[in-house]
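Enquirer: structure, please.
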Amino acid sequence: MNMSTEIEAKTEVAEVAGPEGYITKKELARRLKKTVRTVEHWQRKGALPYVKVGQSVLFHWEDVQAHLQSNFRVCRPRLEKAPVAADGK
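Expert: Predicted coordinates:
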């Protein structure tokens, strides 16, 4: 491994994992399969728990999962109603 590859690898790890298992906004967006902009929007709405230190925002993945599971639900597809006959039967 040359020096530039080693530096790039360390940079990628730093972007993914913050202190003590925290992840960045970019990594959270990747795990949720959403855009960074969507994560920011959900932050402002209070839909995601996060920690802010200075200008850095970090997320604890387990806390995010627990929060989403306890506060939101998976919606089932709507069942189509059977057409009602003209005579009401």
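Enquirer: now the residue nearest the centre of the chain: closest residue in space, sequence neighbours ignored.
Expert: Closest residue to the average C-alpha location of the chain: Leu32 at 4.0 Å, with CA atoms, centre = their mean. The spatially closest residue to Leu32, leaving aside those adjacent along the chain, is Val39, at 7.1 Å (CB to CB, 6 or more residues apart in numbering). Every C-beta, even on glycine, is put in place using the N, C-alpha and C of the backbone.
Enquirer: in this structure, which spans are helices?
Expert: Secondary structure of the chain (DSSP state H): helices at 3-16, 25-32, 36-45, 61-71.
Enquirer: quick check: angle from the shortest one to helix 36-45?
Expert: Spelled out, it's helix 25-32. Here the directions of helix 25-32 and helix 36-45 differ by 100 degrees (axes from the mean of the first three to the mean of the last three CA atoms, to 10 degrees).
Enquirer: what's the weakest-modelled helix or strand in the protein?
Expert: Between all helices and strands in the chain, the lowest mean by mean pLDDT, DSSP states H and E belongs to helix 3-16, at a mean of 48.
Enquirer: mind checking the end-to-end distance for stretch 41-57?
Expert: Here the two ends of stretch 41-57 are set 13 Å apart, with distance taken as CA to CA, to the nearest Å.
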